[in-house]
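Novice: Generate coordinates for the sequence data below:
(chains A and B)
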Amino acid sequence: GQQVMQIPQYQHVQEGEDFTTYCNSSTTLSNIQWYKQRPGGHPVFLIQLVKSGEVKKQKRLTFQFGEAKKNSSLHITATQTTDVGTYFCAGNFNKFYFGSGTKLNVKP
Amino acid sequence: GAVVSQHPSRVICKSGTSVKIECRSLDFQATTMFWYRQFPKQSLMLMATSNEGSKATYEQGVEKDKFLINHASLTLSTLTVTSAHPEDSSFYICSATETPDTEAFFGQGTRLTVV
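Specialist: Residues are numbered from 1 along each chain as shown, chains lettered A, B, ... in the order given. Modelled structure (predicted):
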């Protein structure tokens, strides 16, 4: 099936440091979504990117969709302990395939 | 946001029995529902896609006779794990969308343990 590659697998940062996770697809995506899953919880929708080169911001979170609609990134500025969790991208190939996720740990 | 209810949240069953998991969209009509399986510390693996009124489309490697999916209405899809074995123990989660390009809302997930 279709695959969305996501890196890094884990990221440990000190509170206040920045964090970025990246997703790549070998084929063009219709759109891409980002989710956050807290430990023990279910994925919660963060945002959807549709247009080539799109950039969206949610407070300290910045989401980008590549020009070729094959890659995307999520950047968190000045992480907080509340940002802890696993961040997944989900690429739309007429159905959503999830990346492997990046587990973020923030040390206070 | 929209609500998707998944039931039960936890189930323990004996090996060889069948277990049914329900996924309901409470405040919108879900033309498409997706079923995922998540192993500990791993990502969500798409098992199948179900569209209301038609047969589910299974991903490669997923046994359709073992994981029976029914999407009989626009608000309900069910996943039945038949003749469950310990290796079927996992976290199963559904998601639902109103249209293929819109946001997917996830259920709370079902932790299945087969003993």
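
Novice: Next, see if stretch B:37-44 gets close to chain A.
Specialist: Yes: remark: stretch B:37-44 sits within contact range of chain A at B:41-44, by CB under 8 Å from any CB of the partner chain. For glycine as for every other residue, the C-beta is placed from the backbone atoms N, C-alpha and C.

Novice: Tell me which two in those are the farthest apart.
Specialist: Farthest pair in the residues of stretch B:37-44 next to chain A (CB to CB) is B:Lys41 and B:Leu44. Separation: 12.1 Å.

Novice: Return a ChimeraX selection command for the buried portion of the residues of stretch B:37-44 next to chain A.
Specialist: Listed next is the ChimeraX selection for buried residues among the residues of stretch B:37-44 next to chain A, using 16 or more other CB atoms under 10 Å in any protein chain shown:
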select /B:43,44
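
Novice: For the residue lying closest to B:Val3 once chain neighbours are set aside, give me the pLDDT.
Specialist: What sits nearest to B:Val3 in space, not counting adjacent residues and going by CB to CB, 6 or more residues apart in numbering or on different chains, is B:Leu26, at 4.3 Å. B:Leu26 is assigned a predicted lDDT (pLDDT) of 93.

Novice: which residues touch B:Leu26?
Specialist: B:Leu26 sits next to B:2-5, B:75 when contact means CB atoms under 8 Å, 6 or more residues apart in numbering or on different chains.

Novice: Low-confidence ranges, chain B, go.
Specialist: B:1 (pLDDT under 70).

Novice: any idea how far the spatially most central residue of it lies from B:Leu76?
Specialist: The residue lying closest to the centre of chain B (CA atoms, centre = their mean) is B:Trp35, at 3.7 Å. B:Trp35 sits 13 Å away from B:Leu76, taking CB to CB, to the nearest Å as the criterion.
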